[in-house]
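Student: just coords:
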């Protein structure tokens with residue numbers, strides 16, 4: 001473009017009678033003189049220079065956007081989505097006030113819309129993709145709602161390439177057979193998404209597909225692909241996983257061993273059970289003051305003295321973390337991988353609660369019980385998790401001083417039992433140690449758990465605390481309480497009255513805190529009502545396709 005401009009300037013300076021302008025001959029036909037053609041060409045080049053665009057060869061038009069057979073959103077829900085997307089950048093620091101935080105409701109709205117099987121309006125796809133670009137917690141649900149058209153649109157904007165890495169969108173619109181060329185030619189994330197989708201539809205086909213490509217995959221890719229087998233893991237996967245124990249990557253071997261240990265009937269589980277029985281036994285001879293336990297049976301532990309090649313092949317890592325002894329490290333890995341059912345026979349038919357209650361000699365109790373906790377979570381054994389959790393009324397141990405991880409153990413219990421246990425815990429100990437426990441409870445919270453949380457917040461207000469000390473729990477309550485509880489909680493929005501002419505009564509909220517608590521409870525009630533409205537809008541009549 002610069003050369004053409006320079007030539008036009010040179011021609012204008014010399015004159016068209018002395019130099020022909022660099023314009024196509026067609027421009028000087030039809031009666032137009034050369035000078036006019038020069039001026040026309042200069043005008044065109046001026047526009048090009050000001051636009052800053054370099055002329056380029058026209059590219060082929062993109063393929064049309066794919067169709068989406070899912071029903072459109074009801075009109076009210078469509079308007080709600082537009083409001084939620086428009087409000088996503090309005091958060092800021094400082095006092096929150098009584099208005100609901102719409103940015104925290106967007107993930108819940110997306111999940112609810114996807115449960116109904118709706119498609120996103122075409123006009124809102126750019127805003128939806130942009131919101132998911134800024135917030136990774138939105139991406140999975142946003143891409144499901146966006147469906148195939150969101151991925152098509154993402155291919156036209158490099159800023160949305162995360163949507164292409166996520167692989168084909170899940171949901172009703174993508175329920176048909178996936179294109180197997182993705183596995184042969186796609187990027188890693190696309191191949192992983194394809195394998196995940198196939199695993200959900202046909203576990204055996206996914207396993208065979210992975211086995212066929214296994215020798216040619218990179219170690220880091222083999223590790224990620226192997227993780228896909230967690231979903232739908234069954235005894236049919238054992239032969240492949242057993243072969244994988246000889247993989248040249250230590251991380252791959254460890255993951256294969258972990259998966260096999262989650263199959264109580266696997267050969268690896270049997271080998272680990274035999275090793276565990278050789279390390280942990282029941283001493284029925286009793287004892288006196290020497291052991292410190294008095295008379296009665298007790299558990300004795302003899303940790304491994306070496307980590308042989310067979311143990312390493314079965315996933316036992318040789319080198320312990322910093323500050324950990326080798327023998328205790330090897331013992332914990334063996335016990336964690338052994339099937340929990342084997343301990344009943346080892347300890348005379350005792351129940352998990354009876355086994356956990358037995359004293360353990362020589363200070364091995366924390367190590368042994370911690371390994372049993374991890375085994376209960378891995379094997380999804382509710383009875384062992386229940387025994388290791390103990391009653392919710394027991395005082396929580398200081399962080400870092402206990403072998404128990406209640407939040408992980410709770411994940412092995414049925415949802416109703418989790419909620420009951422956490423409700424009892426909150427009623428007994430308040431909210432200080434409850435945040436992680438609440439994260440494993442099903443949403444919306446069961447009525448007993450919701451009541452315990454609200455009562456604990458009310459107690460904290462009466463004790464003179466400030467609501468921002470419990471902002472994490474309050475935020476969870478806004479998102480997780482049953483919306484049907486809004487009317488019952490209305491009474492909490494009233495500010496406590498101080499005695500006339502005197503200081504606040506003992507135990508009342510600290511001076512000035514009442515207004516903040518009033519706002520916090522108003523926001524809670526308002527958010528619950530808004531959530532109820534949002535759910536009702538999604539249940540309304542569907543609108544016209546966008």
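Tutor: Structure received. The structure displayed is predicted, hence computed values, not measured ones.
Student: now do the strands in this structure.
Tutor: 280-283, 298-301 (DSSP state E).
Student: quickly run through the sheet partners of the first one, with directions.
Tutor: In the sheet, strand 280-283 lines up against strand 298-301 (antiparallel) (DSSP bridges).
Student: could you check how far the longest helix seen in the chain is from the centre of its chain?
Tutor: For the chain, the longest helix by residue count, based on DSSP state H, is helix 513-538. Its chain's average C-alpha position is 25 Å from that of helix 513-538, according to C-alpha atoms, centre = their mean, to the nearest Å.
Student: and that helix, what does it pack onto?
Tutor: The helices and strands touching helix 513-538, judged by 3 or more C-beta pairs under 8 Å, 6 or more residues apart in numbering; DSSP states H and E, are helix 75-86, helix 102-116, helix 447-462, helix 471-480, helix 486-489. Using the backbone N, CA and C atoms, a C-beta is placed for each residue, glycine as well.
Student: all helices for the stretch 1-150 of the chain, in order.
Tutor: 2-14, 34-51, 75-86, 102-116, 125-134, 139-154 (DSSP state H, counting those that start in this stretch).
Student: quick one: low-confidence ranges for the chain?
Tutor: Low-confidence segments of the chain (pLDDT under 70): 1-3, 24-32, 53-55, 88-97, 165-179, 286-294, 397-402, 495-512, 542-546.
Student: any idea how far the spatially most central residue of it lies from residue 205?
Tutor: Geometric centre of the chain, nearest residue: residue 137, 6.9 Å, by C-alpha atoms, centre = their mean. As judged by C-beta to C-beta, to the nearest Å, residue 137 and residue 205 stand 31 Å apart.
Student: closest to residue 161 out of the strands of the chain?
Tutor: Of all the strands of the chain, strand 280-283 sits nearest to residue 161, with 51.9 Å by C-beta to C-beta.
Student: how far does that closest one sit from its chain's centre?
Tutor: That offset, for strand 280-283, works out to 41 Å (C-alpha atoms, centre = their mean).
Student: coming back round to it: redo the helices and strands packed on helix 513-538 as CSV? Include distance to residue 19.
Tutor: Formatted as CSV, these follow (distance: least, C-beta to C-beta, whole Å):
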stretch, distance to residue 19
helix 75-86, 59
helix 102-116, 65
helix 447-462, 87
helix 471-480, 75
helix 486-489, 83
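Student: dump the ones you listed into TSV; add distance to residue 209 and mean neighbour count as well.
Tutor: Listed next are those as TSV, based on distance: least, C-beta to C-beta, whole Å; neighbours: other C-beta atoms under 10 Å:
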stretch	distance to residue 209	mean neighbour count
helix 75-86	37	18
helix 102-116	27	18
helix 447-462	43	19
helix 471-480	39	19
helix 486-489	49	15
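Student: quick one: closest of the ones you listed to residue 359.
Tutor: Ranking the helices and strands packed on helix 513-538 by their distance to residue 359 (criterion: C-beta to C-beta) puts helix 447-462 first, at 33.7 Å.
Student: please name the nearest non-neighbouring residue to residue 160.
Tutor: In space, and not counting its chain neighbours, residue 160 is closest to residue 154: 3.8 Å by C-beta to C-beta, 6 or more residues apart in numbering.
Student: ok, that neighbour touching residue 142?
Tutor: No - with contact defined as C-beta atoms under 8 Å, residue 154 and residue 142 do not form a contacting pair (10.9 Å).
Student: those two: who's more crowded?
Tutor: A side-by-side neighbour count of residue 154 and residue 142, using other C-beta atoms under 10 Å, places residue 142 first with 27 against 24.
Student: pretty sure that one sits against residue 129.
Tutor: Yes - with contact defined as C-beta under 8 Å, residue 142 counts as touching residue 129 (7.3 Å).
Student: report the set of residues contacting both of these two.
Tutor: Residues touching both residue 142 and residue 129 by C-beta atoms under 8 Å, 6 or more residues apart in numbering: residue 150.
Student: which residues touch the closest residue to residue 164 other than its chain neighbours?
Tutor: Spatial nearest neighbour of residue 164, excluding adjacent residues (C-beta to C-beta, 6+ apart): residue 154 at 5.7 Å. By C-beta under 8 Å, 6+ apart, the residues touching residue 154 are 129, 160, 161, 162, 163, 164.
Student: next: residue 86.
Tutor: Neighbouring residues of residue 86 by C-beta under 8 Å, 6+ apart: residue 127.
Student: and it, how far from residue 157?
Tutor: Noted for residue 86: a distance of 20 Å to residue 157, by C-beta to C-beta.
Student: likewise residue 242?
Tutor: 46 Å.
Student: same check on residue 366?
Tutor: Remark: distance between residue 366 and residue 157 (C-beta to C-beta) = 54 Å.
Student: and for residue 487?
Tutor: Distance, residue 487 to residue 157, using C-beta to C-beta: 45 Å.
Student: over to residue 230?
Tutor: Distance of residue 230 to residue 157, given as C-beta to C-beta: 33 Å.
Student: repeat for residue 213
Tutor: Here residue 213 is placed at a distance of 31 Å from residue 157 (C-beta to C-beta).
Student: picking up where we left off before, ok and the longest helix of the chain relative to helix 447-462, angle-wise?
Tutor: Per axes from the mean of the first three to the mean of the last three C-alpha atoms, to 10 degrees, the angle that helix 513-538 makes with helix 447-462 is 150 degrees.
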